[in-house]
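Undergrad: no sequence for this one, just the structure:
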Ligand code: HEC
Ligand code: HEC
Ligand code: HEC
Ligand code: HEC
């Protein structure tokens with residue numbers, strides 16, 4: 001009997017160990033990040049941290065080259081976004097891009113062998129050009145979010161043709177009763193971090209202009225209205241924020257008052273800028289590439305694969321744990337300057353147009369003096 005109990009205990013323990021192996025084992029480490037007693041602390045699993053550190057190592061940079069000498073635009077035929085680089089810098093960046101995006105396929109992922117490098121035959125080259133501008137723009141215009149570490153192709157791609165963490169517009173599952181499905185309680189959805197929350201929190205907030213604010217300031221509703229549905233959408237988005245960065249809600253919020261900006265950490269403001277940046281990336285850069293994408297690169301509704309917080313962060317509070325790869329590739333730091341001769345040309349054209357317009361107005365004025373009243377009545 002005793003032996004039986006022992007055996008039972010042992011096998012139960014073994015099963016429990018098996019079940020728990022999916023969880024992070026204690027001890028957990030807690031770091032206080034705000035006032036004592038406000039729950040403003042971050043909980044880390046040392047084991048998970050080790051994995052994150054291992055996954056966020058940065059590849060060695062290609063040795064720097066001179067920015068002197070002829071510009072790419074003087075030598076090459078079809079350069080729109082990198083023409084201002086020296087030929088040396090241009091070649092170095094092509095090599096780096098190959099390392100970051102298509103290490104297995106090499107230059108041929110974007111260029112057809114035997115054909116001139118200037119041809120835009122492959123869709124991948126056209127997408128890459130948009131990606132270069134998107135990256136330059138992120139560094140130039142979104143310092144409020146990425147300033148410090150900066151962004152390169154590697155931040156998202158990490159040696160993959162398409163970044164590992166992307167999203168497309170969600171499709172409601174079929175619903176037997178014919179009711180409109182609210183897209184929740186769908187099992188095994190990473191987008192809602194496996195919770196029974198809406199499975200596409202991205203479309204409203206990272207593509208459209210949805211504002212994730214629902215909380216009232218009073219205990220009972222007094223004119224403030226927020227639907228359960230939108231509240232659940234916000235919760236789902238917040239689960240993504242936490243999951244993407246590998247942090248607790250209190251990395252950004254004071255859990256005493258989630259809505260209060262005054263009591264939130266500065267990270268929340270940073271996150272807000274990130275939200276606006278991601279929206280611009282998806283609308284102004286990624287969506288337009290959809291015209292060239294093959295069907296296997298599109299979601300079920302035929303849209304392009306888009307950026308969310310996890311595309312860059314990949315589980316780390318700062319992508320690549322804050323390593324600044326941009327310092328080694330300053331050419332991705334800002335958009336190509338508008339060619340000055342083009343600007344001058346445009347100015348000349350504008351001046352001519354203004355002169356013509358002034359002349360036309362003068363002519364019309366002198367003509368209208370001679371016009372009778374009935375003619376001006378007809379115009380109405
Ligand atoms: C991920 C896509 C991609 C890869 C891989 C790639 N390139 Fe490019 N390449 C481009 C894009 C985009 C342009 C156009 C840049 C612009 O518009 O300023 C370009 C332009 C060029 C040009 C200028 C051609 C001309 O006359 O306009 C040369 C030369 C070139 N690449 C060489 C290379 C070499 C060599 C490699 C491999 C080491 C390589 N590229 C790998 C995307 C790529
Ligand atoms: C913020 C994240 C992000 C950054 C930074 C980024 N990409 Fe992308 N890239 C994406 C996403 C999302 C897609 C899929 C959507 C698409 O193809 O438009 C993609 C797709 C691509 C593709 C198409 C690959 C295929 O097989 O379909 C190429 C080529 C590419 N990126 C090159 C680059 C280059 C070169 C850089 C750096 C100059 C870069 N990307 C920077 C997110 C990023
Ligand atoms: C990386 C920072 C960050 C993390 C982590 C985060 N949030 Fe948020 N949260 C924000 C930002 C930014 C907004 C405001 C977004 C907007 O204005 O569109 C917000 C909004 C909210 C709101 C709405 C407040 C209002 O005014 O109605 C609630 C509630 C909320 N978060 C709860 C949570 C919960 C719960 C978690 C953890 C699961 C969490 N947040 C994790 C940044 C974060
Ligand atoms: C294009 C890549 C990219 C995307 C997409 C992105 N981030 Fe970031 N984020 C960064 C970089 C780079 C930093 C580090 C900046 C620095 O060094 O100060 C950062 C830092 C942060 C920080 C500060 C963390 C800390 O503790 O210092 C927060 C919070 C944050 N991001 C939230 C978000 C949220 C939320 C989203 C999605 C809405 C998002 N990020 C999307 C690149 C990105």
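TA: On my side now, so go ahead. No experiment lies behind these values; they were computed from the predicted model shown. Residues are numbered from 1 along each chain as shown. Ligands and ions are numbered 1, 2, ... in the order given.
Undergrad: all helices of the stretch 51-200 of the chain, in order?
TA: In the stretch 51-200 of the chain, helices defined by DSSP state H, counting those that start in this stretch lie at 72-75, 87-101, 123-141, 143-146, 153-157, listed in chain order.
Undergrad: winner for burial among those helices?
TA: helix 153-157 (a mean of 22; mean count of other CB atoms under 10 Å). C-beta: built from backbone N, CA, C; applies to glycine.
Undergrad: I'd like the average pLDDT over whichever helix or strand comes after that one.
TA: Scanning forward in sequence from helix 153-157 by DSSP states H and E, the next helix or strand is helix 202. Averaging pLDDT along helix 202 gives 96.
Undergrad: Can you name the next helix or strand after helix 202?
TA: Next in sequence after helix 202, counting helices and strands by DSSP H and E, comes helix 228-245.
Undergrad: near ligand 4, which residues of the stretch 151-300 of the chain show up?
TA: Contact residues (CB under 6 Å from any ligand atom) of the stretch 151-300 of the chain with ligand 4: 151, 155, 241, 245, 267, 270-271, 274-275, 278.
Undergrad: Using CSV, lay out those together with pLDDT.
TA: As requested, those are exported to CSV (pLDDT from 0 to 100):
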residue, pLDDT
151, 98
155, 98
241, 97
245, 95
267, 95
270, 97
271, 98
274, 98
275, 98
278, 98
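Undergrad: Output those in a markdown table, with distance to residue 235 appended to each entry.
TA: Supplementary listing: these in a markdown table, determined by distance: CB to CB, whole Å:
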| residue | distance to residue 235 |
| --- | --- |
| 151 | 28 |
| 155 | 27 |
| 241 | 11 |
| 245 | 16 |
| 267 | 19 |
| 270 | 21 |
| 271 | 15 |
| 274 | 18 |
| 275 | 15 |
| 278 | 19 |
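Undergrad: my read: residue 121 touches residue 115, true?
TA: Yes: proximity of residue 121 to residue 115 meets the contact threshold set by CB atoms under 8 Å, at 6.4 Å.
Undergrad: re the thing from before, export the helices of the stretch 51-200 of the chain to CSV and tack on distance to ligand 3?
TA: Conversion of the helices of the stretch 51-200 of the chain to CSV gives the following (distance: least, CB to the nearest ligand atom, whole Å):
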stretch, distance to ligand 3
helix 72-75, 39
helix 87-101, 26
helix 123-141, 18
helix 143-146, 11
helix 153-157, 17
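Undergrad: which residues of this protein score low on pLDDT?
TA: 1-25, 175, 178-182, 187, 339-343, 345, 368-380 (pLDDT under 70).
Undergrad: redo that, cut-off 50
TA: Low-confidence segments of the chain (pLDDT under 50): 1-2, 4, 18-19, 374-380.
Undergrad: count of neighbours near the residue of the stretch 51-200 of the chain found nearest ligand 4?
TA: Closest residue of the stretch 51-200 of the chain to ligand 4, CB to the nearest ligand atom: residue 148 (2.6 Å). By the criterion of other CB atoms under 10 Å, residue 148 has 11 neighbours.
Undergrad: measure it to residue 264 for me?
TA: 20 Å (CB to CB, to the nearest Å).
Undergrad: Wait, residue 146 touches residue 140, no?
TA: No: using CB under 8 Å, residue 146 and residue 140 do not qualify as a contacting pair, with a distance of 10.0 Å.
Undergrad: Residue numbers of the stretch 51-200 of the chain in contact with ligand 1?
TA: 76-83, 94-95, 97-98, 101-102, 107, 109-111, 117-118, 124-125, 128-129.
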